[in-house]
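Enquirer: have a look at this prediction, sequence included:
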Amino acid sequence: EDDAAPVVPTPDRPRLSRRVPGANLAVSPGQATPPASPPPGDPAEVRDLITDFEAGVARALREVSPDRRYEEDASR
């Protein structure tokens, strides 16, 4: 027994369409290829950024109090 009310289409909303298995969306002509990736940074600058990041991680690990160091499940 279906107690749902009949669906009345409204003029201000587009109708829903059913998905057809195996059908693909059409590519609209306005879609271009994505922009190319920016050129990689200067190797020395990137190396310095990584070193700074690793130093920050090491500093954060040192600041963790010993009683809370293994607060999460250690079996992971």
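Expert: Received, thanks.

Enquirer: going forward, measure contacts between C-alpha atoms and count neighbours the same way
Expert: Fine.

Enquirer: residue 60 is in what secondary structure piece?
Expert: In this assignment (DSSP states H and E), residue 60 forms part of helix 43-63.

Enquirer: low pLDDT regions in the chain?
Expert: Counting by pLDDT under 70, the ranges of the chain that qualify are 1-10, 25-32, 65-76.

Enquirer: what about residue 18, which SS state?
Expert: Assigned with DSSP: H, G, I helix; E, B strand; the rest coil, residue 18 falls in the coil class.

Enquirer: how many neighbours does it have?
Expert: Here the number of neighbours of residue 18 (other CA atoms under 10 Å) works out to 6.

Enquirer: separation between it and residue 40?
Expert: Note on residue 18: its distance to residue 40, by CA to CA, to the nearest Å, is 45 Å.

Enquirer: show me what the helix holding residue 60 is packed against.
Expert: Counting contacts by 3 or more CA pairs under 8 Å, 6 or more residues apart in numbering; DSSP states H and E, helix 43-63 packs against no other helix or strand.

Enquirer: buried set for that helix?
Expert: For helix 43-63, the neighbour count (16 or more other CA atoms under 10 Å) marks no residue as buried.

Enquirer: residue 13 in helix, strand or coil?
Expert: Per three-state DSSP, the secondary structure class of residue 13 is coil.

Enquirer: should've said residue 21
Expert: Residue 21 is classified as coil under three-state DSSP.

Enquirer: and it, how close does it get to residue 63?
Expert: Distance from residue 21 to residue 63, by CA to CA: 55 Å.

Enquirer: and for residue 42?
Expert: For residue 42, the distance to residue 63 (CA to CA) stands at 32 Å.

Enquirer: repeat that for residue 48.
Expert: 22 Å.

Enquirer: what does residue 55 give?
Expert: Taken as CA to CA, the span from residue 55 to residue 63 is 12 Å.
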